[in-house]
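*Asks:* Here you go, sequence then predicted model.
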Amino acid sequence: MALIQDALRRPLEYVKGVPLIKYFAEALGPLENFRARPDDLLISTYPKSGTTWVSQILDMIYQNGDLDKCHRAPIFMRVPFLEFKAPGVPSGLETLKDTPAPRLIKTHLPLALVPQTLLDQKVKVVYVARNAKDVAVSYYHFYQMAKVHPDPGTWDSFLEKFMAGEATPASTEEPSAAQNPKREIRKILEFVGRSLPEDTLDFIAQHTSFEEMKKNPMTNYSTLPKEFMDHSVSPFMRRGTAGDWKTTFTVAQNERFDADYAEKMAGCSLSFRSQL
């Protein structure tokens with residue numbers, strides 16, 4: 001594992017102006033050979049915005065609520081990460097080749113970098129967004145424990161990079177979904193054109209709660225080697241709620257962030273809950 005450790009914590013690389021993890025940038029070339037299928041479903045998110053939660057919901061829907069089937073493999077095998085690449089482990093593209101249809105596919109790529117084949121096939125897309133302050137805090141902790149990222153440095157310096165768009169990249173809205181998860185599960189169910197009994201929806205809501213997923217090795221990424229994700233630094237699933245940013249942002253940082261956000265998001269109709 002020493003060779004793997006030596007290969008991690010590399011600087012980000014820019015592709016079409018988008019900062020990417022070095023190995024993910026290298027994966028874009030081979031992705032030109034990826035061929036989407038009409039029944040693929042793409043889960044498109046900015047990191048730390050509820051991706052794993054929605055992935056588990058969709059897999060449980062696809063498996064008709066059968067929890068044993070959802071324990072067949074870790075979430076990153078059941079829902080391949082399209083642009084994933086890292087030393088010594090299968091890439092997202094390699095995992096996809098062994099994934100039976102209908103496939104669930106995860107990506108953090110912005111539209112400019114999404115393989116054209118997904119657009120040509122007009123696959124269904126579930127887009128997940130979250131309030132930016134909680135994303136920033138969650139991402140900072142993730143940078144510390146997930147070693148494919150560069151070293152994040154101090155919180156203050158990381159926040160500046162995040163605001164400048166120098167952290168790696170971005171419908172259901174995760175924070176509001178936490179208030180009424182069954183409503184959001186029903187929306188997703190209808191979107192994918194499926195139906196399930198009411199008691200199955202209750203079962204899915206129970207087993208996709210943050211508390212259940214945090215202790216489930218098939219969703220909490222604890223099966224990955226420590227060289228990639230060090231859960232002793234910070235758990236992959238840390239808080240799962242809106243408003244945690246208040247424990248990290250200073251008053252000055254909050255004011256600066258609000259001003260910057262208002263400027264960059266002017267004209268955007270999306271609204272987010274920053275606390276529950």
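*Replies:* Thanks, I have the structure now. It should be emphasised that the depicted structure is a prediction, and the values quoted were computed from it without experimental measurement.
*Asks:* give me every residue that touches the residue nearest to residue 35 when sequence neighbours are not counted.
*Replies:* In space, residue 35 comes closest to residue 117 once its chain neighbours are excluded; the distance is 5.5 Å by C-beta to C-beta, 6 or more residues apart in numbering. (Glycine included, C-beta is placed from N, CA and C.) Contact analysis of residue 117 by C-beta atoms under 8 Å, 6 or more residues apart in numbering lists 34-36.
*Asks:* Lowest-scoring secondary structure element of this structure by mean pLDDT?
*Replies:* strand 172-173 (a mean of 43; mean pLDDT, DSSP states H and E).
*Asks:* Could you check how far the residue nearest to residue 35 is from residue 61?
*Replies:* 24 Å (C-beta to C-beta, to the nearest Å).
*Asks:* what's the straight distance from one end of stretch 243-250 to the other?
*Replies:* End-to-end span of stretch 243-250 (C-alpha to C-alpha, to the nearest Å): 14 Å.
*Asks:* Walking through this structure, point out its helices one by one.
*Replies:* For the chain, helices defined by DSSP state H occupy the ranges 2-7, 22-31, 51-62, 67-70, 75-78, 92-97, 116-120, 132-145, 155-163, 174-179, 181-191, 198-207, 210-214, 251-264.
*Asks:* mind giving me TSV with the ones you listed and columns for mean pLDDT?
*Replies:* Below are the helices of the chain laid out as TSV (pLDDT from 0 to 100):
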stretch	mean pLDDT
helix 2-7	51
helix 22-31	94
helix 51-62	96
helix 67-70	95
helix 75-78	94
helix 92-97	94
helix 116-120	95
helix 132-145	89
helix 155-163	94
helix 174-179	52
helix 181-191	93
helix 198-207	96
helix 210-214	88
helix 251-264	94
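*Asks:* Switch those helices over to a markdown table, and while doing so, append distance to residue 85 to every line.
*Replies:* Formatted as a markdown table, the helices of the chain follow (distance: least, C-beta to C-beta, whole Å):
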| stretch | distance to residue 85 |
| --- | --- |
| helix 2-7 | 11 |
| helix 22-31 | 4 |
| helix 51-62 | 17 |
| helix 67-70 | 25 |
| helix 75-78 | 13 |
| helix 92-97 | 7 |
| helix 116-120 | 18 |
| helix 132-145 | 18 |
| helix 155-163 | 22 |
| helix 174-179 | 26 |
| helix 181-191 | 28 |
| helix 198-207 | 30 |
| helix 210-214 | 25 |
| helix 251-264 | 30 |
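*Asks:* what number of residues lie near the residue nearest to residue 92 when sequence neighbours are not counted?
*Replies:* Spatially, and ignoring its direct neighbours in sequence, residue 92 is nearest to residue 84 (3.8 Å; C-beta to C-beta, 6+ apart). Neighbourhood size, residue 84 [other C-beta atoms under 10 Å]: 22.
*Asks:* what does residue 222 give?
*Replies:* Neighbour tally, residue 222, other C-beta under 10 Å: 17.
*Asks:* Which pLDDT value belongs to it?
*Replies:* Residue 222 carries a pLDDT value of 81.
*Asks:* Ok, residue 19 next?
*Replies:* 91.
*Asks:* Mind pulling up the pLDDT for residue 48?
*Replies:* 88.
*Asks:* typed the wrong thing, it's residue 235
*Replies:* 61.
*Asks:* who's in contact with the residue nearest the centre of the chain?
*Replies:* Nearest to the geometric centre of the chain sits residue 51, at 3.6 Å (C-alpha atoms, centre = their mean). Contact analysis of residue 51 by C-beta under 8 Å, 6+ apart lists 43, 45, 106, 108, 128.
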